[in-house]
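Peer 1: I'd like to go over a predicted model; first the sequence, then the structure.
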Amino acid sequence: MVRLVQQFVSCCRAAGLRISTSEVLDGLGQLRLINPIDELQFRALLAANFAKSFRDLQHFNRLYDLFFHEMRRDMGDIAKAETWNRQIQDAAQALKEKPHDTPVYDAVVDFLAGNPLPLLAEMRRIHTESDDQPSGLRFNFGPLASRFNVLMQITGAGAGVAGLIKDNFFHVSPQTLHELSDHFAERLAAARSILMYEPHPGDQVTRKITTQEQRFRNLGEKSFSTLSRQEVEEMRDVVDRLVRKLKNIVSRRFAARDRGNLDVKKTLRASARYNGVPLDIQYRRKTLRKSRIVTLCDVSGSVWAAARFMLNLVYSLQDCFDKVNSFVFIDRLTDVTPIFEEQDISEAIRIVMEEADVHYEAPTDYGETFRHFRRNYMDLLTKKTTLIIVGDGRSNYLAPEDVILGEMRDRCRRVIWLNPEPENLWGTGDSEMRAYTHHCHEVRACRNINQLMTFIEELVL
């Protein structure tokens with residue numbers, strides 16, 4: 001048993017598994033505490049001493065199976081096995097006497113004879129061959145050529161074994177010759193398995209850790225229409241963090257008004273109440289203007305995903321604007337401003353989806369939407385108002401009424417159109433984006449949360 005463990009340790013070391021002498025001695029000493037014939041106990045003992053990490057465990061399992069199973073001599077009783085062992089050694093000697101010009105051939109023949117150490121050492125050299133090259137000059141041709149050479153030697157050794165079997169080099173009965181042929185075939189298959197094996201220890205048990213920022217950044221690149229319910233919930237954290245950041249920036253901008261250039265005239269005027277002592281310092285203040293926002297959000301189909309996030313962000317940032325008026329539409333406008341002012345954002349979204357007077361089964365009609373806005377809400381647009389339209393501009397071949405959009409542009413400060421469709425689809429089919437673009441100050445694609453956040457930051461700051 002001691003010799004068997006020593007041979008296994010030699011194979012492990014040849015294959016690159018680091019095992020110290022003290023670990024070998026510990027394992028041998030613990031053999032007295034178990035039943036070595038019980039493979040579960042025996043394997044667990046060796047793994048506990050020789051595999052020091054999850055990475056090493058995968059490598060250990062591969063070597064254990066190779067040494068104790070694929071290389072086993074399961075050929076009947078001991079006497080017969082000893083007889084075949086002599087014949088196998090004679091065959092290996094005969095194969096080595098054939099002309100060859102590489103020690104790899106000898107390693108393959110030793111493997112067929114039951115000694116895996118030389119072949120494992122060669123494969124270990126191939127696996128680490130590229131590591132010896134400078135980082136700027138690494139390529140795969142060296143290891144590939146070495147692997148091809150090993151494959152040629154395995155093929156050559158297999159051809160030599162086939163010749164010995166055909167000529168009955170062993171001088172045994174046909175039944176025994178057939179069993180020896182199967183034995184060499186199993187050894188050749190094991191050699192090819194070692195050649196094809198790529199050592200990636202730990203891949204199956206090593207977790208790929210990504211930071212929260214990386215996860216949110218990757219998720220933020222996904223289109224609104226492809227987000228799952230769970231991903232939508234995850235993005236709420238991102239939205240909340242952005243909202244807090246923008247609110248802090250805006251509050252600092254207003255707080256900074258009490259710093260800057262000294263206003264001498266106002267300071268002297270204020271000092272009159274203190275007998276000319278300038279206790280009340282006055283600064284030149286630049287009036288910070290909050291804009292008013294009017295949003296028109298198409299809530300039909302996949303466009304609703306973008307509109308929902310837009311309404312969510314505008315709702316959360318109401319403190320950053322003088323007034324926010326929100327409308328949703330499919331074939332006509334529905335004013336949802338009171339809902340967003342009185343309800344929590346989650347409840348407001350639910351009411352818009354379930355209780356608001358929105359005809360979800362109707363075809364989208366941008367023309368009727370603009371006519372409805374001109375009749376009832378045109379007074380909301382002033383030179384302090386930014387009009388934001390979220391939609392794909394597809395009006396089902398109905399009148400686009402882009403002239404009304406031009407009138408809306410003339411009354412407000414800015415008109416911004418956010419389109420959740422790819423730009424190459426604008427103007428195709430029933431899309432009226434080409435007509436609407438001429439009446440907008442800015443038209444931008446808004447297909448994911450990252451693009452929407454960029455727009456909101458520019459709008460607020």
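Peer 2: Right, received. Where do you want to start?
Peer 1: okay, now the domains of this protein?
Peer 2: Following automatic domain parsing, the chain resolves into domains at 2-128+141-196, 288-460.
Peer 1: return the most buried member of the ones you listed.
Peer 2: domain 288-460 (a mean of 18; mean count of other C-beta atoms under 10 Å). For the C-beta atoms, the positions are set from N, CA and C on the backbone; glycine is no exception.
Peer 1: any idea of the mean pLDDT in that one?
Peer 2: The predicted model assigns domain 288-460 a mean pLDDT of 87.
Peer 1: and it, how far from the chain's centre?
Peer 2: 33 Å (C-alpha atoms, centre = their mean, to the nearest Å).
Peer 1: same question, stretch 158-173
Peer 2: 55 Å.
Peer 1: with stretch 24-31 instead?
Peer 2: With C-alpha atoms, centre = their mean, you get 44 Å for stretch 24-31.
Peer 1: now it - C-alpha only, CSV.
Peer 2: Output of stretch 24-31 as CSV, limited to C-alpha atoms (Å, rounded to 0.1, in the frame of the first residue of the first chain):
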residue,chain,number,x,y,z
VAL,A,24,2.7,12.1,2.3
LEU,A,25,3.9,11.0,5.7
ASP,A,26,0.6,12.3,7.3
GLY,A,27,-1.4,10.4,4.7
LEU,A,28,0.5,7.2,5.3
GLY,A,29,0.2,7.5,9.0
GLN,A,30,-3.6,8.0,8.7
LEU,A,31,-4.0,4.8,6.7
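Peer 1: what's the closest of the domains of the chain to residue 270?
Peer 2: Nearest to residue 270, of all the domains of the chain, is domain 288-460, at 21.8 Å by C-beta to C-beta.
Peer 1: for stretch 47-63, measure first residue to last.
Peer 2: This stretch, stretch 47-63, spans 11 Å end to end (C-alpha to C-alpha, to the nearest Å).
Peer 1: and the domains of the chain as CSV, adding distance to residue 237?
Peer 2: Output for the domains of the chain, formatted as CSV (distance: least, C-beta to C-beta, whole Å):
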stretch, distance to residue 237
domain 2-128+141-196, 31
domain 288-460, 11
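Peer 1: ok, which of the ones you listed comes nearest residue 239?
Peer 2: It is, among the domains of the chain and with distance given as C-beta to C-beta, domain 288-460, at 6.2 Å.
Peer 1: contacting residues for residue 191?
Peer 2: 108, 111-112, 119, 154 (C-beta atoms under 8 Å, 6 or more residues apart in numbering).
Peer 1: from the residues you listed, which is closest to residue 357?
Peer 2: residue 154 (77.6 Å).
Peer 1: does that closest one touch residue 196 like I think?
Peer 2: No - with contact defined as C-beta atoms under 8 Å, residue 154 and residue 196 do not form a contacting pair (11.0 Å).
Peer 1: give me the mean pLDDT for stretch 170-190.
Peer 2: 79.
Peer 1: C-alpha coordinates for that stretch, CSV please?
Peer 2: What follows is stretch 170-190 as a C-alpha-only set of coordinates in CSV (Å, rounded to 0.1, in the frame of the first residue of the first chain):
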residue,chain,number,x,y,z
PHE,A,170,3.0,-12.9,-27.2
HIS,A,171,2.5,-16.6,-28.3
VAL,A,172,-0.8,-16.9,-26.4
SER,A,173,-4.2,-18.3,-27.2
PRO,A,174,-6.6,-16.3,-29.4
GLN,A,175,-8.8,-15.5,-26.4
THR,A,176,-5.9,-14.2,-24.4
LEU,A,177,-4.6,-12.3,-27.4
HIS,A,178,-8.1,-10.6,-27.7
GLU,A,179,-8.0,-9.6,-24.1
LEU,A,180,-4.5,-8.2,-24.5
SER,A,181,-5.7,-6.2,-27.5
ASP,A,182,-8.5,-4.7,-25.5
HIS,A,183,-6.1,-3.8,-22.7
PHE,A,184,-3.8,-1.9,-25.1
ALA,A,185,-6.8,-0.2,-26.7
GLU,A,186,-7.9,1.1,-23.3
ARG,A,187,-4.4,2.4,-22.5
LEU,A,188,-4.3,4.1,-25.9
ALA,A,189,-7.7,5.7,-25.3
ALA,A,190,-6.5,6.9,-21.9
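Peer 1: ok, back up a step: just give me the closest of the contacts of residue 191 to residue 364.
Peer 2: Nearest to residue 364 among the contacts of residue 191, with distances taken as C-beta to C-beta, is residue 154, at 67.7 Å.
Peer 1: just the element for that closest one, please.
Peer 2: Assessed by DSSP states H and E, residue 154 sits inside helix 141-166.
Peer 1: so what secondary structure elements neighbour that helix?
Peer 2: When contacts are defined as 3 or more C-beta pairs under 8 Å, 6 or more residues apart in numbering; DSSP states H and E, helix 141-166 packs onto helix 78-96, helix 103-113, helix 117-127, helix 174-196.
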